[in-house]
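**Q** Got a predicted model here, sequence first, then my questions.
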Amino acid sequence: MTTSTIGRSADRRPARRAGFTLLELVLVMVIICTVLGMAAPSLRGFFASRQTIDAGAQIVALTQYARTEAASEGRGYRLNLDAETGKYWLTAQAGGAFAPLPAEIGRVFCLPEGTTARWDSTGEAASSGWISFYPDGRTEPADIRLTGRQGDAVRIVCSSPTEQFRAIASANDEL
């Protein structure tokens with residue numbers, strides 16, 4: 001014989017919904033914020049050293065552009081570097097003088113804050129403050145050192161007139 005209760009459910013347990021309570025969510029957020037707060041100071045140095053490496057890569061890209069354009073247009077190009085102000089830019093020969101390029105690539109670039117530039121070579125490029133690119137595909141050998149505020153260094157090197165410029169982050173690693 002079965003008995004039933006009228007108007008009542010046979011299962012008296014309350015239905016439990018799947019999900020998280022507000023307390024659990026707040027606790028997880030506190031843990032995440034604590035971990036990020038401890039990791040943030042170490043990430044600051046990573047991004048600062050990347051800026052120096054990126055500036056070196058940008059200078060190498062400008063040298064490749066200048067060399068290619070000098071050969072294709074049949075006129076001289078220069079990569080100008082003012083080591084005191086940390087500014088660098090391209091100019092092209094127009095008549096007897098060198099003039100800034102009208103395109104975006106001809107704008108004046110600045111090294112990242114705290115980064116210094118130094119000519120490590122003693123050749124013509126170091127004394128003149130620019131690197132010349134000739135219509136026949138040759139360039140002036142040069143050696144430029146960029147040093148970031150945390151001591152990270154990038155060398156931009158071209159050893160002979162027929163070589164490409166390359167950036168070297170340390171003794172053996174090329175960018």
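**A** Done, it's in. Numbers count the residues shown, from 1 in each chain.
**Q** Just the buried residues of the one helix or strand in the chain whose mean pLDDT sits lowest, please?
**A** Lowest mean confidence among the helices and strands of the chain (mean pLDDT, DSSP states H and E): helix 124-128, at a mean of 78. For helix 124-128, the neighbour count (16 or more other CB atoms under 10 Å) marks Ala125, Ala126 as buried. The way it works is simple: take the backbone N, C-alpha and C, and place the C-beta from them, glycine included.
**Q** Helix or strand next in line after that helix, which one?
**A** Beyond helix 124-128 on the C-terminal side, the first helix or strand identified by DSSP states H and E is strand 130-133.
**Q** So for that next one, mean pLDDT?
**A** The average pLDDT for strand 130-133 rounds to 93.
**Q** The next helix or strand after it: partners in the sheet, and parallel or antiparallel?
**A** Next along the chain after strand 130-133, taking DSSP H and E as the criterion, comes strand 142-147. Using DSSP bridges, strand 142-147 pairs in its sheet with strand 116-119 (antiparallel), strand 153-158 (antiparallel).
**Q** Alpha carbons of strand 142-147, as CSV, please.
**A** Coordinates of each C-alpha in strand 142-147 appear next as CSV, following Å, rounded to 0.1, in the frame of the first residue of the first chain:
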residue,chain,number,x,y,z
ALA,A,142,79.7,51.3,-39.7
ASP,A,143,79.3,50.1,-36.2
ILE,A,144,76.7,51.7,-33.9
ARG,A,145,75.9,50.8,-30.3
LEU,A,146,72.6,51.4,-28.7
THR,A,147,72.5,51.1,-25.0
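**Q** Give me the residue ranges of the chain where confidence is low.
**A** 1-16, 43-49, 122, 170-175 (pLDDT under 70).
**Q** CA atoms only for the least confident helix or strand of the chain - export them in CSV, please.
**A** What follows is helix 124-128, C-alpha atoms only, in CSV (Å, rounded to 0.1, in the frame of the first residue of the first chain):
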residue,chain,number,x,y,z
GLU,A,124,84.0,58.2,-42.3
ALA,A,125,80.4,57.4,-41.0
ALA,A,126,81.4,58.1,-37.4
SER,A,127,83.0,61.4,-38.2
SER,A,128,80.3,62.7,-40.5
